[in-house]
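> sequence and predicted structure below; questions after.
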Amino acid sequence: MDIVIIGGVAAGMSAAARLRRLDETARITVVERSGNISFANCGLPYHVGGVIEQRSALLLQTPEAMKARFDIDVLVRTEATAIDRETQQVTVRNLDRDSTSSLHYDHLVLAPGASPVRPPIPGIERALALRNVEDVDAMVAAVGHARTAVVIGGGFIGLELVENLVERGLEVSMVEATAQVMAPLDPEMVSPVHAAIRAAGVDLHLGAAVTAIGETDVTLADGRKLPADLVVAAIGVRPESSLARDAGLTLTERGAIIVDEHLRTSDPRILAAGDAVAKRDAISGEQVFVPLAQTANLQGRRIADVIAGRTPVDRPVLGTAIVGAFGLQAATVGWNEKRLRAEHRTYRAIHTHPLDHAGYYPGAASLALKLLVDPATDEILGAQAVGAKGADKRIDVIATAMAGGITASGLAELELAYAPQFASAKDPVNMLGFVDENLATETTRSIQWHELDEAVSAGARLVDVRTPGEFANGAIPGAVNIPVDDLRSRLDDVRALAEQGPVLVHCAVGIRGHIACRILEANGIQARNLDGGFRTWDAGQAASA
Ligand code: FAD
């Protein structure tokens with residue numbers, strides 16, 4: 001059996017190595033356009049910054065090692081240029097010798113990944129992008145001669161590159177066309193990330209479009225010029241599917257290769273995996289483009305299973321992701337609130353601000369957590385976590401819960417590892433479950449930070465139940481300060497407010513507000529609690545500013 005694999009990194013090499021473990025006799029050939037296979041794409045930004053000092057650390061395998069251990073033929077600096085489905089042949093071109101030849105296949109695996117988007121901005125040819133080892137070599141060389149840099153694009157890779165260029169001592173500007181970096185986060189969750197970028201001395205431009213790239217600067221739509229010895233384009237990626245398109249395989253509108261649940265394309269002899277293929281969204285079941293390493297590696301492994309005659313089913317994706325920059329972790333899973341609103345889904349949002357571990361144990365750091373829940377079924381629709389530490393494990397737990405079909409209130413029941421230096425006896429994930437339980441079962445209702453202005457304009461009265469000291473340090477305009485511990489003795493004050501309009505209550509993060517709502521309700525006063533309290537509202541204001 002001849003198996004040809006196009007693309008020799010995450011999905012391609014996972015497929016190749018597992019195939020050999022499952023079948024000792026197949027003839028396996030991997031075709032890779034760049035000069036390396038199995039390189040650590042996710043580590044590339046950290047070699048730019050010198051955090052990963054040795055270039056060799058990025059190279060996880062060599063063609064020689066693959067031949068010795070797995071008897072796999074790897075052709076590097078070789079590009080697959082055409083697929084003839086009739087004769088089951090792939091045309092390949094050796095880029096060094098400029099010679100072409102063809103390879104027969106019984107099964108063809110497409111794992112060509114995704115390529116950086118290069119918008120038609122004048123001067124874009126000067127912008128460097130980061131995809132492979134050759135790109136990182138070029139960037140490291142350019143950084144050596146640069147004092148200033150502009151990074152265009154505020155996604156994961158742009159953010160990692162900004163941090164690493166700062167690490168190398170460059171004066172860095174970051175330009176993002178939308179109002180925020182890190183599109184998977186909702187605006188109030190991304191505020192601390194913006195603050196951390198600015199605190200690191202980065203000149204952050206949001207809602208700004210680059211109109212030209214000059215020899216030493218970058219021009220924005222408003223005419224401002226940013227100094228740029230080095231320009232990096234990190235504007236996103238698109239599926240590298242021209243080979244599949246030319247071969248007549250079915251693609252989505254956005255150019256991702258469509259595969260079935262066994263990763264077969266519209267031609268059953270051709271399978272495809274990784275960034276080039278459309279994934280099935282775990283929430284909606286729709287075709288989505290989710291270019292992430294875990295899925296690519298897993299799909300590569302699953303393709304080997306399919307070719308070996310097993311029948312694995314490709315799982316839908318949750319898009320679980322994390323980035324670290326400037327001392328913050330930002331992690332997400334599933335859908336965000338922006339998407340739920342755009343798709344007119346009903347949802348319940350929960351914000352909390354717990355410490356990553358017990359407050360009495362030194363070094364605890366605050367986290368911002370957000371959970372999105374289907375109120376009809378209690379299904380978890382998504383979550384976000386931002387903080388100095390502990391965001392990673394909370395999102396991983398929630399992602400696992402989502403994959404296992406555990407509901408939002410089921411998070412309350414999870415038995416998670418605890419000692420004071422790692423967590424709290426009621427872990428932040430348990431606490432999300434408690435809040436969800438309360439909202440699902442009690443009469444208490446919450447209000448979101450972005451609904452507050454409208455409610456107050458319509459006559460709602462806001463009671464701030466924090467201490468007078470906290471109130472003096474910053475308060476929501478129009479709020480009346482009645483500390484939670486005074487509430488029982490000042491019920492008449494609240495009754496007077498309730499006669500003027502619906503009562504809204506808030507504290508710093510939502511806990512005292514919830515207690516206040518329970519006290520008020522027990523005394524016949526309906527009240528709604530500001531979800532996530534002053535801290536979430538304040539982050540939302542910063543994001544909208
Ligand atoms: P790739 O790994 O891109 O491999 C595809 C290979 O196919 C390429 O090397 C290409 O040269 C080759 N190829 C394409 N067409 C042809 C052809 N016609 N002939 C021969 N060869 C061809 N994901 C995360 O989850 N977490 C991270 O932290 C993260 N960080 C990243 C940082 C960077 C800088 C980059 C670039 C990506 C990062 N990713 C991250 C994304 C992750 O690397 C990809 O999701 C994953 O590598 C996709 O695997 P793949 O096999 O589909 O494609």
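Looks like it arrived, so ask away.

> what comes up buried for stretch 491-499?
491, 494, 497-498 (16 or more other CB atoms under 10 Å). The C-beta positions use only the backbone N, C-alpha and C, and glycine is treated the same way.

> tell me the spacing between the spatially most central residue of the chain and the ligand.
Taking CA atoms, centre = their mean, the centroid of the chain lies closest to residue 321, which sits 4.0 Å from it. According to CB to the nearest ligand atom, to the nearest Å, residue 321 and the ligand sit 6 Å apart.

> circling back to that earlier point, will you turn the buried residues of stretch 491-499 into a markdown table that also has secondary structure and pLDDT?
Output for these, formatted as a markdown table (DSSP: H, G, I helix; E, B strand; the rest coil; pLDDT from 0 to 100):
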| residue | secondary structure | pLDDT |
| --- | --- | --- |
| 491 | helix | 98 |
| 494 | helix | 98 |
| 497 | helix | 97 |
| 498 | helix | 97 |
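
> packing partners of the strand or helix carrying residue 296?
Using DSSP states H and E, residue 296 maps to helix 293-307. Applying 3 or more CB pairs under 8 Å, 6 or more residues apart in numbering; DSSP states H and E, we find helix 293-307 packed against helix 10-22, strand 107-110, strand 270-272.

> go again using 7 Å as the cut-off
On a contact count with 3 or more CB pairs under 7 Å, 6 or more residues apart in numbering; DSSP states H and E, helix 293-307 meets helix 10-22.

> what's whichever helix or strand comes after the helix it packs on in contact with?
Counting by DSSP H and E, the next helix or strand C-terminal to helix 10-22 is strand 27-31. Strand 27-31 has contacts (CB atoms under 7 Å, 6 or more residues apart in numbering) with 1-6, 8, 12-13, 16, 19-20, 37, 72-75, 78, 80, 92, 103.

> please see if the helix or strand following strand 27-31 touches the ligand.
Moving toward the C-terminus from strand 27-31, the next helix or strand (DSSP H and E) is helix 44-48. Yes - Helix 44-48 reaches the ligand (CB under 6 Å from any ligand atom) through 44-45.

> just the CA coordinates for the helix or strand following helix 44-48, please, in PDB.
Using DSSP H and E, the helix or strand that directly follows helix 44-48 along the chain is helix 63-70. Taking Å, rounded to 0.1, in the frame of the first residue of the first chain, the C-alpha atoms of helix 63-70 are listed here in PDB:
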ATOM      1  CA  PRO A  63      14.200  13.000   7.900                       C
ATOM      2  CA  GLU A  64      17.100  10.700   8.800                       C
ATOM      3  CA  ALA A  65      15.600   9.900  12.200                       C
ATOM      4  CA  MET A  66      12.200   9.200  10.600                       C
ATOM      5  CA  LYS A  67      13.800   6.800   8.200                       C
ATOM      6  CA  ALA A  68      15.800   5.000  10.900                       C
ATOM      7  CA  ARG A  69      13.000   4.600  13.400                       C
ATOM      8  CA  PHE A  70       9.900   4.400  11.200                       C
END
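
> other SSEs contacting helix 63-70?
strand 73-75.

> how distant is the helix or strand where residue 539 lies from the center of its chain?
In this assignment (DSSP H and E), residue 539 forms part of helix 533-544. With CA atoms, centre = their mean, to the nearest Å as the basis, helix 533-544 stands 21 Å off its chain's centre.

> cool, stretch 473-481 as well?
Put simply, stretch 473-481 sits 34 Å off its chain's centre (CA atoms, centre = their mean).

> name the residues of the next helix or strand after the helix holding residue 296 that are buried.
Using DSSP H and E, the next helix or strand after helix 293-307 towards the C-terminus is strand 321-325. Along strand 321-325, these residues count as buried under the neighbour rule (16+ other CB under 10 Å): 321, 323-325.

> what do you get for stretch 224-240?
226, 228-240.

> go on, stretch 340-353?
So, applying 16+ other CB under 10 Å, buried residues of stretch 340-353: 340, 347-353.

> now, which of the residues you listed lie within helices?
Among the buried residues of stretch 340-353, the members falling in helices (DSSP state H) are residue 340.

> in strands only, show me the buried residues of stretch 340-353.
Secondary structure from DSSP state E places 348-352 of the buried residues of stretch 340-353 in strands.

> between the residues you listed, which is closest to residue 359?
For these, the minimum distance to residue 359 (CB to CB) is 14.2 Å, reached by residue 352.

> list the contacts for the closest one?
369, 428, 431-432, 435, 509-510, 532.

> at 8 Å what do you get?
Listed by CB atoms under 8 Å, 6 or more residues apart in numbering, the contact partners of residue 352 are 367-369, 428, 431-432, 435, 509-510, 532.

> quick one, what contacts the nearest residue to residue 300 once chain neighbours are set aside?
Leaving aside its sequence neighbours, residue 300 sits nearest to residue 14 (CB to CB, 6 or more residues apart in numbering; 3.0 Å). For residue 14, the contacting residues are 296-301, 304, by CB under 8 Å, 6+ apart.

> quick one: which two of the residues you listed are the most distant?
Taking CB to CB, the two most distant members of the contacts of residue 14 are 296 and 304; they sit 13.4 Å apart.

> any idea how far residue 511 is from residue 425?
For residue 511, the distance to residue 425 equals 16 Å [CB to CB, to the nearest Å].

> the more surrounded of the two?
More neighbours surround residue 511 than the other of residue 511 and residue 425, with 17 against 10 (other CB atoms under 10 Å).

> mind checking how far that one is from residue 353?
Distance of residue 511 to residue 353, computed by CB to CB: 9 Å.

> any common contacting residues for these two?
Shared contacts of residue 511 and residue 353 (CB under 8 Å, 6+ apart): residue 533.

> now the residue of the chain at minimum distance from the ligand: closest residue in space, sequence neighbours ignored.
For the chain, the residue closest to the ligand is residue 274, as judged by CB to the nearest ligand atom, at 2.1 Å. Residue nearest to residue 274 in three dimensions, not counting chain neighbours: residue 11, with 3.2 Å by CB to CB, 6+ apart.

> so what's the residue count around the one you found?
Residue 11 has 32 neighbouring residues, counting by other CB under 10 Å.

> before we move on, what about residue 538?
By other CB under 10 Å, 17 other residues sit near residue 538.

> my guess is it contacts residue 470. True?
No - in this structure, residue 538 is not within contact of residue 470 by CB atoms under 8 Å, at 12.0 Å.

> please look at residue 459 and residue 498 and confirm they touch.
No - Residue 459 lies out of contact with residue 498 (CB under 8 Å); the separation is 11.3 Å.

> since that was my last question, I'll sign off now.
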